[in-house]
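> build the 3D model from these lines:
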Amino acid sequence: MGDTLRRYRSLLADSQRWEGFEFRDGDIVISTPSKCGTTWMQMICALLVFQDPELSGPLTKLSPWMDVQTDTIDNVRAALDAQTHRRFIKTHTPFDGLPHDERVTYISVGRDLRDAGLSWDNHFRNMNLEVVLNARVEAVGMDDIAELIPDALPDPSSELIERFWHWVDHDGRQSEGFSGLKAALHHLSTFWEHRDDDNVALFHYADLKADLEREMRRLASILNIQVPEEKWPRLVTAATFDRMRDRAEQLAPQVSVDGFWNDSARFFNEGSSGQWRSLLNDDDVARYEARARSLAPPDLIDWVHAPKH
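Residues are numbered from 1 along each chain as shown. Sure thing, here's the model as predicted:
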């Protein structure tokens with residue numbers, strides 16, 4: 001744990017909040033790029049840890065987001081310190097920005113980033129930015145806001161295809177934490193480099209869609225969690241996209257911040273793979289692929305976009 005950690009900052013998050021955090025044996029860290037299945041993996045972990053679909057509180061309280069700056073770090077750490085169950089902590093910090101502890105299991109999730117880009121567009125437009133900014137200012141102040149606001153936000157009145165290319169082509173520093181293709185591939189690459197480590201586990205969104213029970217059982221094995229056979233059907237059903245959308249007020253991120261979302265259910269918008277096919281033509285696909293392959297090694301690009309089910 002003596003390695004120097006890279007700092008990642010954005011308007012909403014600061015990885016420096018991990019510094020000095022005291023892990024416990026068995027802790028789970030869920031670290032994904034935005035819109036690649038973070039909440040889904042949090043829910044799966046909750047179901048495996050508690051083995052009961054009826055959770056005791058909002059998922060965002062059971063699995064706090066360490067880096068988020070809509071709450072104070074003192075509050076986040078106090079909540080984690082008070083937890084007596086096996087902790088599973090959310091972050092959008094890449095692996096090289098996290099403290100490493102052999103007692104901890106680090107989980108990341110990949111997704112076809114063409115779908116992630118479209119999902120981010122829905123996500124961004126569904127946030128109530130006034131509420132989010134007010135919560136951020138109340139928690140940590142505003143001295144650094146001008147520094148951290150991206151230099152060019154997408155024009156919400158532009159066509160979807162234009163907003164998609166803004167997400168793909170944005171070339172800001174990776175440490176800015178801007179949600180874009182470059183940042184997402186960088187995040188995944190930090191885990192890809194450690195995919196053979198004993199305490200690092202990679203999952204893929206498309207594999208979860210293809211066979212949810214298989215992937216949940218795989219995670220249970222990785223976490224050394226024993227689940228009685230008779231419980232599996234209810235747990236798997238509770239982790240399906242439709243059932244999670246029905247419980248959006250309990251499961252959507254940051255629902256503890258009143259008004260964070262314009263519509264909590266819209267957070268669980270489609271949850272499908274291949275949405276991009278209705279938007280991109282052959283030339284667009286070639287343009288996207290050229291951009292992606294300029295940003296990450298071929299084996300990672302192949303895995304992200306063509307997982308083996």
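> for R24, what are its contacts?
Applying CB atoms under 8 Å, 6 or more residues apart in numbering to R24 gives the contacts 87, 103. Yep, even glycine has a C-beta here, placed from its N, CA and C like the rest.
> quick check: it vs R87, distance?
7 Å (CB to CB, to the nearest Å).
> where does pLDDT dip in the stretch 1-150 of the chain?
The model of the stretch 1-150 of the chain has pLDDT under 70 over residues 1-3, 123, 125, 127, 145-146, 149-150.
> how about the helices in it?
38-50, 59-62, 73-82, 113-126, 129-140, 145-148 (DSSP state H, counting those that start in this stretch).
> can I get those helices in TSV including mean neighbour count?
TSV is the format used below for the helices of the stretch 1-150 of the chain (neighbours: other CB atoms under 10 Å):
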stretch	mean neighbour count
helix 38-50	23
helix 59-62	20
helix 73-82	14
helix 113-126	21
helix 129-140	16
helix 145-148	12
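> and H166, which of these is closest to it?
helix 113-126 (9.2 Å; CB to CB).
> starting at the chain centroid, how far to the closest one?
How far helix 113-126 lies from its chain's middle: 12 Å, per CA atoms, centre = their mean, to the nearest Å.
> just the CA coordinates for that helix, please, in CSV.
Only the C-alpha atoms of helix 113-126 are listed here, as CSV (Å, rounded to 0.1, in the frame of the first residue of the first chain):
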residue,chain,number,x,y,z
LEU,A,113,-18.4,1.6,-24.9
ARG,A,114,-20.6,2.7,-27.8
ASP,A,115,-23.5,1.7,-25.6
ALA,A,116,-21.9,3.3,-22.6
GLY,A,117,-21.6,6.6,-24.5
LEU,A,118,-25.4,6.6,-25.3
SER,A,119,-26.2,5.6,-21.7
TRP,A,120,-24.1,8.5,-20.5
ASP,A,121,-26.0,10.9,-22.6
ASN,A,122,-29.3,9.8,-21.0
HIS,A,123,-27.6,9.9,-17.6
PHE,A,124,-26.3,13.4,-18.0
ARG,A,125,-29.6,14.8,-19.2
ASN,A,126,-31.4,13.1,-16.4
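> circling back to that earlier point, looking at the helices of the stretch 1-150 of the chain, spot the one closest to I161.
Among the helices of the stretch 1-150 of the chain, the nearest to I161 by CB to CB is helix 113-126 (10.3 Å).
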